[in-house]
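S.K.: predicted model, plus sequence, below.
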Amino acid sequence: MLLLSLSFLAGCQGLSAGSPPKETQQQIGDLSLAKASMDFGSVVAGGTKTLTVTATNSGSEAITVNSATVSNANFSVTAPSFPATIAAGQSATLTLAFTPAAVGSFTATVTIASNASNSTATISLSGAGIAAGQLAANPSSEAFGSMTVGGQQSVTETVTNTGGTTVIISQAAISGSGFSLSGITTPVTVNAGQSASFNISFAPQTAGAVSGKVTLTSNAPNSTLTISLTGTGIAPGQLSSSPTSEAFGSVTVGSQLSVSETVTNTGGTSLTISQAAVSGSGFSLSGLAIPTTLAAGQSTTFNVIFAPQATGSGSGSVTLTSNGSNPTLTIPLSGTGVSAGQMTANPSSQAFGSVTVGTQQTASETVTNTGGTSVTISQAAVSGTGFSLSGLVTPTTLAAGQSATFTLAFSPQATGAVSGNVTLTSNGSNPTLTIPLSGTGVSAGQLTSNPSGEDFGSVSLGSQQTASETITNTGGSSVSVSQITVSGTGFSLSGNPAPMTLSAGQSATFNVTFTPQTASAASGSVRVTSTASNPTLTIPLSGTGTAPQSGQLTVTPSTLALGSVVVGQSGTASGSLSASGGSVTVTGASTNNSSFVVGGLSLPVTIPSGQSATFSITFSPQTAATASGTLTITSNALSSTTTETLTGTGTAAPTHSVNLSWTASTSTDVVGYNVYRALFNSSACGAFSKINPVLNTTTLYTDNTVANSTTYCYATTAVDTSNAESGYSNIVSNVAIP
């Protein structure tokens, strides 16, 4: 409630609140009011408005105002406090207030009672109570319904001031994806009873329900007015196909295959198919009326037909034109024109080769439908002595490209070539398929040996003799040899090929060796075990051991000196072996010291009487020391071993170093020196690197890390107490290490 207080006019004197009138004072004052009536105008119900009026004492004596009464409670006198005194010739201000309790028109009379000559003075009051400003929206919410994504819809929204005072809209905001506001610029003043309009737009960006709101902020009692917004974005009409492509597979030339194709409007709005075209040789379309309109989610079905005119693969497409978001929908088509079913055999003939009489050999045969349609095999027959068929049950139907496998067998009853056929009868384009058969009946395999026996004759003890033996399959079928063994003292095998398989007429060779153990006759045999008709083949062996001749072996020199050899290197010397009194066969040569290695002999070696054979000894010392060893020769001489003494000395490899010295620096703060070395290449020094691990405090240094046959360059630098290093001294180059 707003209250206005009474204030006195400037220059007012002698009026004091609460001064009681003097009963004996002569009342000659005269009270007058400046206005006879006052209109407060419109005031919001519950609010207060004040007005003032001037009361004047025009008499010559002071007067006392005792009270002020108001005839209507919606009006009041708020100042001054009564009783109040107005001096002669002075004025006072009365404050009147209008506080309407409700909406409507109000009047009142204010009566001023005083001790003036006119004891009362009146003033008429009037005013109207009005409602406060209030905003209302029409409509109170906006429902845009369904809108295609990418489109836009606008509506007009009106807000009205339904109160009695002016409302100022200070802010207008909008929220929600796709909603926008236009046509209103804040602040906006809306007088009582007036309206303001603006536009709300909905432009959905994606499919789906969206909500938002417009929020108006004002000075009305309902300071925030909210207008709810709703809308749904829907996808535009879109055409899709099921299936997305049509693969007809193989279709026989002259026939046709029809498949069902469905197209669906997967968008949110209707679309119209205005054209339907088909391309590709042999492809056609039926059952689709043009134009056709599909509501959202609606489908239509039609047929696509493939009727190939020739063999081979073909492709094409169905193209549908519509006003959907995808104005052209293409459905790829493919198919293959194939010929009628046809039978082929793999292999095209069966050659069993040689088969032992009384046994059986089988082979796998496959027939395939290489045509484009099914084939039914109604009969399967086989001809030719010894041939048979199994694993094929008739009738058998083979789809295009499908195969069937069965077994053919050849069981010859006699030796000699045989021929026959398998005949398959079907409804294919080749109703009779013939598969030629051939084979040869042969006798069972048989092993023979060449020679049929081995006689080694006389062989000297300590020596040996080797003979070659051949076994051959002289039968008509293969033979598996599982074992070849030898028996008898002194007899042995080498190059044994068992186990193995010998086809008809095939041979194998191995060696038999006789090494007599005693001076006497010896016998034995080779035993061959196989699957031949003669499962065990025995080859007799014989030979006689004889005493060796009385030969003698001499080694020259008796002591072989290898001299001095640097450790890590090798030295070689030669010796010779001489036979006398008969030939001598040397079977072994070895040393008892690994530093000495014998070479130059290919053992065993026979030295005829009066002749010699040379050998070599290589000395490879491991340490710098004197070494010795013994060469031992083993032979069939009267003395079975012959020895030779071996000597040699290992010497250390030469080492080198470079001693360096230089003139001391004249600077007093030098604390040491660094030494640098580089390789000398032809005519110049290469890159230098420091070789002293720690600072050298003298003017002498020995380089012990030089390599043989290398040339170096050297230089030094001086280092002071602050670790500063000078440049290189003079460079000494071309220092050659032998």
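M.R.: Thanks, I have it. Keep in mind that this is a model prediction, so the values were computed, not measured.
S.K.: from here on, contacts and neighbour counts on C-alpha atoms
M.R.: OK.
S.K.: distance between the ends of stretch 526-539?
M.R.: Terminal residues of stretch 526-539 are spaced 5 Å apart (Cα to Cα, to the nearest Å).
S.K.: need the helix or strand of this structure with the lowest average pLDDT.
M.R.: None of the helices or strands of the chain scores lower by mean pLDDT, DSSP states H and E than strand 732-737, at a mean of 82.
S.K.: tell me the contacts of the closest residue in space to Ser126 that isn't next to it in sequence?
M.R.: Excluding its sequence neighbours, the residue lying closest to Ser126 (Cα to Cα, 6 or more residues apart in numbering) is Thr107, at 4.2 Å. Contacts were defined as Cα atoms under 8 Å, 6 or more residues apart in numbering; by that measure Thr107 touches 72, 124-127.
S.K.: again, only using 10 Å
M.R.: For Thr107, the residues meeting the contact criterion (Cα atoms under 10 Å, 6 or more residues apart in numbering) are 38-40, 71-75, 98, 124-128.
S.K.: name the member of those residues with the most neighbours.
M.R.: Each of these was scored for neighbours by other Cα atoms under 10 Å, and Phe98 scores highest at 33 neighbours.
S.K.: bridging residues for it?
M.R.: When bridges are taken as DSSP bridges, the partners of Phe98 come out as Lys49, Phe75.
S.K.: these two touch, right, it and Gly41?
M.R.: Yes: here Phe98 reaches Gly41: they are 9.5 Å apart, a contact under Cα atoms under 10 Å.
S.K.: between those two, which contacts overlap?
M.R.: Contacts common to Phe98 and Gly41, judged by Cα under 10 Å, 6+ apart, are 49, 126-129.
S.K.: poorly predicted segments of this structure, please.
M.R.: Within the chain, the stretches with pLDDT under 70 are 1-28, 548-550, 653-654.
S.K.: picking up where we left off before, does the residue nearest to Ser126 lie in a helix or a strand, and which?
M.R.: Counting by DSSP states H and E, the secondary-structure element that holds Thr107 is strand 104-114.
S.K.: following that strand, which helix or strand comes up?
M.R.: Secondary structure here is assigned by DSSP H and E; on that basis, the next helix or strand after strand 104-114 toward the C-terminus is strand 120-130.
S.K.: hey, what's the angle from that following strand to strand 104-114? Just curious.
M.R.: In terms of direction (axes from the mean of the first three to the mean of the last three Cα atoms, to 10 degrees), strand 120-130 departs from strand 104-114 by 160 degrees.
S.K.: would you point out which residue is most central in this structure?
M.R.: Ranked by distance to the mean C-alpha position of the chain (Cα atoms, centre = their mean), the top residue is Thr244 at 29.1 Å.
S.K.: thought it was touching Ser260?
M.R.: No: the pair Thr244 and Ser260 fails to qualify as a contact (Cα under 10 Å) at a distance of 11.8 Å.
S.K.: pull the CA atoms of stretch 89-103 into PDB?
M.R.: What follows is stretch 89-103, C-alpha atoms only, in PDB (Å, rounded to 0.1, in the frame of the first residue of the first chain):
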ATOM      1  CA  GLY A  89      -3.800  33.800   7.400                       C
ATOM      2  CA  GLN A  90      -1.900  30.500   7.100                       C
ATOM      3  CA  SER A  91      -2.600  27.200   5.200                       C
ATOM      4  CA  ALA A  92      -2.100  23.500   5.800                       C
ATOM      5  CA  THR A  93      -2.000  20.500   3.500                       C
ATOM      6  CA  LEU A  94      -4.400  17.600   3.900                       C
ATOM      7  CA  THR A  95      -3.200  14.200   2.400                       C
ATOM      8  CA  LEU A  96      -6.100  12.000   1.100                       C
ATOM      9  CA  ALA A  97      -5.600   8.300   0.000                       C
ATOM     10  CA  PHE A  98      -7.600   6.000  -2.200                       C
ATOM     11  CA  THR A  99      -7.200   2.300  -1.600                       C
ATOM     12  CA  PRO A 100      -9.800   0.400  -3.600                       C
ATOM     13  CA  ALA A 101     -10.500  -3.000  -2.100                       C
ATOM     14  CA  ALA A 102     -12.100  -4.300  -5.300                       C
ATOM     15  CA  VAL A 103     -12.700  -3.500  -8.900                       C
END
